[in-house]
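Asker: the sequence isn't on hand, but the structure is:
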């Protein structure tokens, strides 16, 4: 409940006589957030949970390139409070039904100077955290806002451990996570997850990133952080005309990892579906002409090693049709891959195929076999070229019956080529998460929706829950994925996925591209991939995406029929998702219920440590018997040793009152399917 008498009638916002601190609490009363302006007139907020400080006094404000800062001399002139409770349905997702229950407080601050500029801070508090944004009115005094920097602070009240990747460095979001003290962080991307010394779990991110620069977190001193916006070559990091709102700044707060994993805050802070019926998108699994390029067995470029040939495409389509995979991704089919395309992309042609790839024939053959082609648009980080062809490229795919597209923006951070100037003449270089790219991605998603096409960008801007508003934005990369297991030194370490689950995955789906059954990368000698075979199966439950790749070569997949059997059975769309057990960066046991049946699936992954996971089956319906099929690490399996493929498969009858104790090998995992009987 909110701790004071409401001062609004209907939708009106009433002034208050004197400035005063206002407090809003979560529906369960445990989290309290206070908003006010201090003695210098600096707006601030602070957060407690069960009376214990979580976020100490943290200032709010903005600096501009062409106006005095909004920092001091503010007073509270009006406020409004509301409570909200609703349930809404996702067309696809980790769970079908999402509850949105929160209390809200909106405070309007006015500067005590001749300009008398105003901002409104809107705070929404949920049982598992909060989100706040700043709302700017339209005003003649400042018709265009040119933001040099956002001065939002996050003054964490205690130290602890943090899992983070660096921001402002060359490789976008594609780093292994570092575990450090909170007080030792520098400048990091969000989501950044922390476990404080008192056991409290926090994750900082943003929601509804629209027409604004992405937010990094920069440590100022001790455990006090400040927002840092991704740079822009224009000078101002954000340029907005008229009234607008910032993205929501989000803080997920929980007593343990389960509260972080099951939170819906980021989705709930986005606007409802603007596209209407999107039943034309079907969650699915796919194979592709992709892993062979990472192995250097074939190439994206034309020539003798060219992978995207008509013959090779038909071979993949045949395999997909035989094993029930809906999609086949084909990369390298179009002109532009020859020469230096990385960070260049000037030669890409999104409607013209190489001579050895008959795209019309491949599309016809796929339709005949009941398989859908997944299109591919690699830009080389050149959005100027891509946007010039965007409408034609999407219309071309639509004419071929292609309803899903993977896009790519392979360029070093700060090296995306964009139009320069108001008229789009010339080129400039922008960041993958700057305002220019935020606008670009939404432009692509909207154009794709016009042609009933779903988008899955790689080297993307981070996920901030916009899949709720634009449900054709179905997945993305935005982290270090399985491709690094093909050629990187080091490869993805065993703790990487248990870290992703509680960091990057809190923001939304990830196209991690699992399913490397061979467990071998380029020029591999065992041990190579730090993984057991059973762990590769667990990824299909532990790492959520409504499109899931089965990444290995078809011939390698066929060598392991028991593993392939699980991947064919596991769904890509869910009615419910739960964290059964887990610890940030160490292990996770996740249960999900199929949206189309009453079947449950469990996936578990661990780091380099062998452990036994206890899986209470209380998520199953009581009084029912289930046939449980378990794909688990063999007795001698070791994801860091020679026997990485040892896997046992067994079936037993279980009920909800039982607990399964299952071994996880080092870098191991297990997967379970529960099918109700009778």
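Answerer: The structure has been received and is ready for your questions. What you see is a predicted model; the values in this text were computed from it and never measured.
Asker: what number of residues lie near the residue nearest to residue 518 when sequence neighbours are not counted?
Answerer: Nearest residue to residue 518 in three dimensions, chain neighbours excluded: residue 556, at 4.3 Å (CB to CB, 6 or more residues apart in numbering). In this view, the C-beta of every residue, glycine as well, is placed from N, C-alpha and C. Neighbourhood size, residue 556 [other CB atoms under 10 Å]: 17.
Asker: now do the SS call for residue 556.
Answerer: Classification of residue 556 using DSSP: H, G, I helix; E, B strand; the rest coil returns helix.
Asker: wait, doesn't it sit right on residue 533?
Answerer: No. Residue 556 is beyond contact range of residue 533, at 11.2 Å (criterion: CB atoms under 8 Å).
Asker: what residues are shared contacts of those two?
Answerer: Overlap of the contact sets of residue 556 and residue 533 (by CB atoms under 8 Å, 6 or more residues apart in numbering) consists of residue 517.
Asker: for residue 359, what are its contacts?
Answerer: When contacts are counted by CB under 8 Å, 6+ apart, residue 359 touches 333, 353, 400.
Asker: okay, now the sheet partners of the helix or strand harbouring residue 104, with direction.
Answerer: Secondary structure assignment for residue 104, by DSSP states H and E: strand 97-111. Paired strands of strand 97-111, with direction, are strand 74-89 (antiparallel), strand 118-126 (antiparallel) (DSSP bridges).
Asker: I'd guessed residue 453 sits against residue 404; true?
Answerer: Yes. Between residue 453 and residue 404 there is a contact under CB under 8 Å: 6.6 Å.
Asker: identify the contacts common to the two.
Answerer: Jointly contacting residue 453 and residue 404 under the rule CB under 8 Å, 6+ apart are residue 375.
Asker: top of the contacts of residue 359 by neighbour count?
Answerer: In terms of neighbour count, residue 333 stands highest of the contacts of residue 359 at 25 neighbours, by other CB under 10 Å.
Asker: now do the contacts for the nearest residue to it once chain neighbours are set aside.
Answerer: Leaving out its chain neighbours, the residue that sits closest to residue 333 by CB to CB, 6+ apart is residue 308, at 4.1 Å. Taking CB under 8 Å, 6+ apart, we find residue 308 in contact with 289, 300, 330-333, 354, 357.
Asker: what do you get for residue 535?
Answerer: With contact taken as CB under 8 Å, 6+ apart, residue 535 is in contact with 605, 633, 639, 667-669.
Asker: likewise for residue 143?
Answerer: Counting by CB under 8 Å, 6+ apart, residue 143 touches 241-242.
Asker: so which of the contacts of residue 535 sit within helices?
Answerer: When helices are assigned by DSSP state H, not one member of those lies inside them.
Asker: let's have these in CSV, adding pLDDT, neighbour count and distance to residue 567.
Answerer: Shown next, in CSV, are those (pLDDT from 0 to 100; neighbours: other CB atoms under 10 Å; distance: CB to CB, whole Å):
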residue, pLDDT, neighbour count, distance to residue 567
605, 98, 35, 16
633, 98, 30, 17
639, 97, 29, 18
667, 98, 29, 19
668, 98, 35, 17
669, 98, 33, 14
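Asker: export those residues to a markdown table and tack on distance to residue 516?
Answerer: Shown next, in a markdown table, are the contacts of residue 535 (distance: CB to CB, whole Å):
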| residue | distance to residue 516 |
| --- | --- |
| 605 | 14 |
| 633 | 16 |
| 639 | 12 |
| 667 | 13 |
| 668 | 15 |
| 669 | 13 |
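Asker: now residue 108: how far from residue 379?
Answerer: Residue 108 sits 42 Å away from residue 379, going by CB to CB, to the nearest Å.
Asker: who has more neighbours out of the two?
Answerer: residue 379 (28 against 21).
Asker: pretty sure residue 364 is in a strand, no?
Answerer: No. Counting by three-state DSSP, residue 364 falls outside a strand, being helix.
Asker: since we're on it, how many residues are nearby?
Answerer: Counted with other CB under 10 Å, residue 364 comes out at 13.
Asker: got it, and residue 98?
Answerer: Residue 98, neighbours per other CB under 10 Å, totals 16.
Asker: domain-wise, how is the protein divided?
Answerer: 14-268, 284-532+543-564 (automatic domain parsing).
Asker: most packed of the ones you listed?
Answerer: Among these, domain 284-532+543-564 has the highest mean neighbour count (mean count of other CB atoms under 10 Å), at a mean of 20.
Asker: where does this protein dip in pLDDT?
Answerer: Applying pLDDT under 70 to the chain flags residues 1-20, 421-424, 524-527.
Asker: contacts only, for the nearest residue to residue 491 once chain neighbours are set aside.
Answerer: Once flanking residues are discounted, residue 491 sits nearest to residue 485: 4.9 Å by CB to CB, 6+ apart. For residue 485, the contact set (CB under 8 Å, 6+ apart) comprises 491-492, 516, 521, 529, 531.
Asker: if I've got this straight, residue 485 is in a strand?
Answerer: No. Using three-state DSSP, the assignment for residue 485 is helix, not a strand.
Asker: which two of the contacts of residue 535 have the greatest separation?
Answerer: Taking CB to CB as the measure, the contacts of residue 535 span a maximum distance of 11.0 Å, between 605 and 633.
Asker: can you classify the residue nearest to residue 554 when sequence neighbours are not counted as helix, strand or coil?
Answerer: In space, and not counting its chain neighbours, residue 554 is closest to residue 319: 4.2 Å by CB to CB, 6+ apart. Look at residue 319: counting by three-state DSSP, its state is helix.
Asker: was I right to think residue 319 contacts residue 286?
Answerer: No. Counting by CB under 8 Å, residue 319 stays clear of residue 286, with 11.2 Å between them.
Asker: report the set of residues contacting both of these two.
Answerer: residue 325.
Asker: with secondary structure and distance to residue 588 added, can I get the contacts of residue 359 in JSON lines?
Answerer: JSON lines is the format used below for the contacts of residue 359 (DSSP: H, G, I helix; E, B strand; the rest coil; distance: CB to CB, whole Å):
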{"residue": "333", "secondary structure": "coil", "distance to residue 588": "37"}
{"residue": "353", "secondary structure": "strand", "distance to residue 588": "42"}
{"residue": "400", "secondary structure": "coil", "distance to residue 588": "39"}
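Asker: between the residues you listed, which is nearest residue 541?
Answerer: Among those, residue 333 lies closest to residue 541 (CB to CB), at 31.8 Å.
Asker: which ones are touching that closest one?
Answerer: The contact partners of residue 333, taken as CB under 8 Å, 6+ apart, are 308, 313, 353-354, 357, 359, 376.
Asker: please redo it, this time with the cut-off set to 7 Å
Answerer: Residue 333 makes contacts with 308, 353-354, 357, 359, 376, as judged by CB atoms under 7 Å, 6 or more residues apart in numbering.
Asker: quick check, nearest of those residues to residue 92?
Answerer: Using CB to CB, the contacts of residue 333 come closest to residue 92 at residue 376, 21.5 Å.
Asker: for residue 221, see how far away residue 130 is.
Answerer: Per CB to CB, residue 130 is found 24 Å from residue 221.
Asker: equivalent analysis for residue 388, please.
Answerer: With distances taken as CB to CB, residue 388 is found 46 Å from residue 221.
Asker: rewinding a little: surely the residue nearest to residue 554 is in contact with residue 287?
Answerer: Yes. Using CB atoms under 7 Å, residue 319 makes contact with residue 287 at a distance of 6.5 Å.
Asker: common neighbours of the two, please.
Answerer: residue 554.
Asker: isn't residue 331 up against residue 292?
Answerer: No. Counting by CB under 7 Å, residue 331 does not reach residue 292; the two are 9.8 Å apart.
Asker: run through the helices of the stretch 551-678 of the chain in chain order.
Answerer: Secondary structure of the stretch 551-678 of the chain (DSSP state H, counting those that start in this stretch): helices at 554-558, 561-569.
Asker: which among those is found nearest to residue 621?
Answerer: Proximity to residue 621 (CB to CB) singles out helix 561-569 among the helices of the stretch 551-678 of the chain, at 19.7 Å.
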